[in-house]
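Novice: coordinates only, sequence not included:
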């Protein structure tokens, strides 16, 4: 993983350059400058290099990766020796790029001399790589010129499947696409089919292509499959071959091929299938060859990339292929194994388990079915397959699943590859918190700064890109529509692990005998104990990251260079002080045990490079009994995100130059009884997310919150002990707020005018008597951008509203408002409204919601849904029981 290694070492070099803490590095100042220039050049080379894989490229990238690792290790071992005096540190030796480390004493003049020699050794190796890269760039320029001057040299065109394939999924999908093909506008239309590799896009297109009605409807049908390294002449030849209009005497020149295809389609009602398109450039190169004679011609396009689908069909929706449900998976498996025969009853239960373990991916089902067809039809043999379906798929058909899914990985730009492979470090079937994933990417150094964007914004763009490429599945969203949890399919996780090992990027530690030397990222799916390390040469460990589900404190002694320690499932009764020795640590997550009041040592400030600190709890206490710890953050200038169930911060320093402004701090959750003086707000100018809880009556100067001009998410909680006040609690809200959650602050409905005037507010949650009063009559022009409104445990009785009051509202949730008589009927007229949900409300409120739905259905509105939760009365609207499933038993909050 050369690109990730380059990003990381460049960040290390830049940090060293901008700091004066380590005067001993002055002797290698010029070498550091040279390395920075060379590594930036190599980084640009990889960014400009199109995604592809061959022996020369793979070897070159391995050399770049090892050189970058080598440089980073040499410098960080030296820094570690200076921050931990008296400890022995490691420096490189042997052949450059080998990754082999040896123990060297770092004392006196020998230290500086050895450092100079080691760094110069890296410089020589990098200079050699740069010369090779320059030569490769020159050769590629010559080849591009030769290609432009040559006539087409087409390979074998890939044409349509010869017959229908087994229908994957429901018949409704087939019917829907057939209706789009045979009905609707007479203009030429493009119908994209989108989904991850192996989900059945080609199978669906093939069934449509060979359908008898489609064959009758279209005069001409033609199909071609497009490779990642496509050439336009190959595409044209494929389409012409599919139509059997390829003359032996036809020239292979681009112009003649294009003319022949255009004339073959002109004036005819045609269906073209472009299977497996990988870029918008392909479409731009061929779209002018498809004439629009307003005769109902159609183009079906299959792709793994949502951006491609949106580009070719900007005026209409794409057909998104979904994972199979358990019943569909079993039907497909049974048909592939038994054909028209019946499945023996003794195998049916095991067969359904196998189908379910394929996780809805048709490719998995088909490959497992092929394996089942070759073994004895016994419950014992099928049980062996059921116990590890992923292993069975990996072993079937010469790793065909890996080959298919690897296409998606190979096509990724270099910047996305480390982010994708990193997801293989999480356990199987694990719902990954997107907040954690993005902060881990930041701490690992996978992100290249871009203009004024912060690293987290860049990471969010990377995440969205992976989703659009059908590699990552969003499993749960936040109230503002942003992803909250995500996951990847088991086969994609297997791919991440395999490629991660091959590229020396990620190393799952599955057995006691696993060696750890020269491994940088370790993933433990089983409890971590000392036996994993007792045979390791701990002086040669260059480990930077650890994921694990259990813990033995002694293992940390080995990891002086650790950057990320993600052990959120590990429960501590007391804070492991060994962590304080990890000078380079940027990301730390762990869980407290059953104690109510854990403490963090004041010496936490030793972790000067810490960016993210997440502390969860194995017990979810009530809101007034949550964990409380104290932390002096004012001497931690690189801190970006602090997430606790509850934490008390030391007061902000007043006019003390010893404490730098925390310009990087973006998240504080959940802090308790903090006083927002002007000095405090000035110390955290770039805060974006804040959750604060108050349970003691005092002046917290909350009006100064308006001074936090970057704040986007604010969650204010006033606990019951404060609700006896006769005067509502006051606070200021900056205009930048997009998401506001209030609990127990006792505002009046008249105060909503102030909140309604916030120009960027998209999400508003009014919870637990945050507003007191029986009537709410909003004013027109308020809440112009509000998309999500939740009211919970309020004493509101009468609510008057028009559609102009909430012009952008998409979701309305009302919970436990036992006095609310009805939902305003005009709410249904809001053009953007998609959902009304009522939980535990009065019968009249439920009936009013049903009436809104009935009126909207009569007006042709099929988008709006009404849900009623936990009600004893039957009604015609959709109702369900909300059973929120947490991804684990560890409790923590990000909002």
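Specialist: Yep, it's here. Predicted model only: the values in this text are computed from it and were never measured.
Novice: going by C-alpha atoms from here, please, whenever you check contacts or count neighbours.
Specialist: OK.
Novice: next up, the contacts around residue 565.
Specialist: Contact analysis of residue 565 by Cα atoms under 8 Å, 6 or more residues apart in numbering lists 545, 546, 547, 585, 587, 588, 589.
Novice: so for the strand or helix carrying it, mean pLDDT?
Specialist: Secondary structure assigned from DSSP states H and E places residue 565 in strand 564-572. For strand 564-572, the mean per-residue pLDDT is 77.
Novice: for stretch 493-506, same thing?
Specialist: Mean predicted lDDT for stretch 493-506 stands at 89.
Novice: for stretch 11-22, same thing?
Specialist: 76.
Novice: and stretch 435-455, by the same measure?
Specialist: So the average pLDDT for stretch 435-455 ends up being 92.
Novice: likewise for stretch 683-691?
Specialist: The model assigns stretch 683-691 a mean pLDDT of 94.
Novice: cool, and stretch 264-273?
Specialist: 92.
Novice: what segments of the stretch 601-750 of the chain are helices?
Specialist: 678-683 (DSSP state H, counting those that start in this stretch).
Novice: run through the strands of it in chain order.
Specialist: Secondary structure of the stretch 601-750 of the chain by DSSP state E, counting those that start in this stretch: the strands cover 612-617, 629-631, 641-649, 667-672, 689-694, 713-718, 739-743, 747-748.
Novice: can you lay out those strands as a markdown table showing mean neighbour count and distance to residue 357?
Specialist: Converted to a markdown table, the strands of the stretch 601-750 of the chain look like this (neighbours: other Cα atoms under 10 Å; distance: least, Cα to Cα, whole Å):
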| stretch | mean neighbour count | distance to residue 357 |
| --- | --- | --- |
| strand 612-617 | 23 | 31 |
| strand 629-631 | 18 | 43 |
| strand 641-649 | 23 | 35 |
| strand 667-672 | 22 | 38 |
| strand 689-694 | 22 | 39 |
| strand 713-718 | 21 | 39 |
| strand 739-743 | 20 | 39 |
| strand 747-748 | 18 | 51 |
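Novice: make JSON lines from these and add distance to residue 466 to it.
Specialist: Shown next, in JSON lines, are these (distance: least, Cα to Cα, whole Å):
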{"stretch": "strand 612-617", "distance to residue 466": "23"}
{"stretch": "strand 629-631", "distance to residue 466": "36"}
{"stretch": "strand 641-649", "distance to residue 466": "24"}
{"stretch": "strand 667-672", "distance to residue 466": "25"}
{"stretch": "strand 689-694", "distance to residue 466": "25"}
{"stretch": "strand 713-718", "distance to residue 466": "25"}
{"stretch": "strand 739-743", "distance to residue 466": "26"}
{"stretch": "strand 747-748", "distance to residue 466": "43"}
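Novice: from the contacts of residue 565, pick the one nearest residue 476.
Specialist: Taking Cα to Cα as the measure, residue 476 lies nearest residue 589 of the contacts of residue 565, at 21.7 Å.
Novice: what number of residues lie near residue 10?
Specialist: 25 (other Cα atoms under 10 Å).
Novice: doesn't it belong to a helix?
Specialist: Yes: under DSSP: H, G, I helix; E, B strand; the rest coil, residue 10 falls within a helix.
Novice: residue 701: what's it in contact with?
Specialist: Applying Cα under 8 Å, 6+ apart, the residues near residue 701 are 675, 676, 677, 731.
Novice: report the lowest-confidence entry in these.
Specialist: Ranking the contacts of residue 701 by pLDDT, residue 731 lands last with 80.
Novice: show the backbone phi and psi for that one.
Specialist: phi -160, psi 160 (degrees, to the nearest 10).
Novice: of the contacts of residue 701, which is the nearest to residue 500?
Specialist: residue 676 (45.9 Å).
Novice: burial count for the closest one?
Specialist: Neighbours around residue 676, by other Cα under 10 Å: 19.
Novice: leaving out chain neighbours, which residue sits closest to it?
Specialist: Distances taken as Cα to Cα, 6 or more residues apart in numbering place residue 701 nearest to residue 676, at 5.4 Å, with adjacent residues excluded.
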